[in-house]
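*Asks:* here is a sequence together with a model predicted from it:
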Amino acid sequence: MPKIHNHIQNQGFTLVEVIVAAFIFVVISAGTAIFSVYFLRNYSFSFEENQAVGQAQNTLTTLVREIREARFAEDGAWAITQADDNIFVFYSDVTNDSRPDRIRYFLDGTELKKGVIEPTAVPVTYPTASEKIYIIADNVDNQSTPIFRYYNGNWPSDTTNNPLTVGQRILNTRLVKIYIRININSNTGALPFEMTEDVQIRSLKDNL
């Protein structure tokens, strides 16, 4: 009578198979984690960059409007009181009360700031202690290029005397060129965003 042999098949995984499966799982998990971190970093950078650029664009729009409407101060002072490369002080009604305010735009590190002084009652003064300062743009990286350049009423035909030198700016400025360069993160390799605008001061136009 022939013998019957019972063969028991191993239904589990061998140790080698378990190690290989674990290794594959670790590699896939690590790859997924790296991709997620990369995606989140780029998304965060893009969001931050869009915010900074949008803020600067709004700032530029406001700057143009206020400079265009610059006028003599309520105490009779000239429309422009300071005209430096990165500081511009002038009078314009930004509080919409029909009284010109003293406006100061200035660069502080990488922040473009705006100072506003409202005039007092008669006798009219503009007390510096009452200046309200706002941060209006971040990540400004103009490097050596000025935010403000100043031109007389003969620009662009007069290229000899323009842009105006420091001593000629306050009384002779009729047009202001604005340049803002936003660089959200110089380490990412992303190109900076540049904005330029020309604005003529209506109240000081020579051809009125």
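*Replies:* Done, it's in. On a predicted model such as this, the values are computed, not experimentally measured, just so you know.
*Asks:* quick one: the strands in this protein, in order.
*Replies:* Using DSSP state E, the strands of the chain run over 80-83, 87-92, 101-108, 111-117, 132-137, 148-151, 175-182, 193-200.
*Asks:* could you list the residues in contact with the second one?
*Replies:* The set of residues that contact strand 87-92 without belonging to it, under CB atoms under 8 Å, 6 or more residues apart in numbering, is 66-67, 69-74, 77, 79-83, 100-107, 147-148, 176. For every residue, glycine as well, the C-beta is placed using N, CA and C.
*Asks:* and those, which are buried?
*Replies:* Buried subset of the contacts of strand 87-92 (neighbour count, 16 or more other CB atoms under 10 Å): 66-67, 69-71, 73-74, 79-81, 83, 100-107, 147-148, 176.
*Asks:* quick one: closest of the strands of the chain to residue 164.
*Replies:* Checking the strands of the chain against residue 164 by CB to CB gives strand 148-151 as the closest, at 4.5 Å.
*Asks:* strands paired with the closest one, and their directions?
*Replies:* If you go by DSSP bridges, strand 148-151 pairs up with strand 175-182 (antiparallel).
*Asks:* show me the contact partners of the partner strand.
*Replies:* Applying CB under 8 Å, 6+ apart, the external contacts of strand 175-182 come out as 49, 52-53, 56, 59-60, 63-64, 67, 88, 112, 137, 139-143, 145-153, 155, 163, 192-201.
*Asks:* same deal with stretch 94-114?
*Replies:* 56, 59, 63, 66, 71-74, 81-82, 86-93, 115-119, 126, 131, 133-142, 147-148, 180.
*Asks:* now list the buried members of those.
*Replies:* 56, 59, 63, 66, 71, 73-74, 81, 88-93, 115-119, 126, 136-140, 142, 147-148, 180.
*Asks:* show me what contacts residue 174?
*Replies:* 151-153, 155, 200-201, 204-206.
*Asks:* could you do residue 75 as well?
*Replies:* 119, 123-126 are the contacts of residue 75 under CB under 8 Å, 6+ apart.
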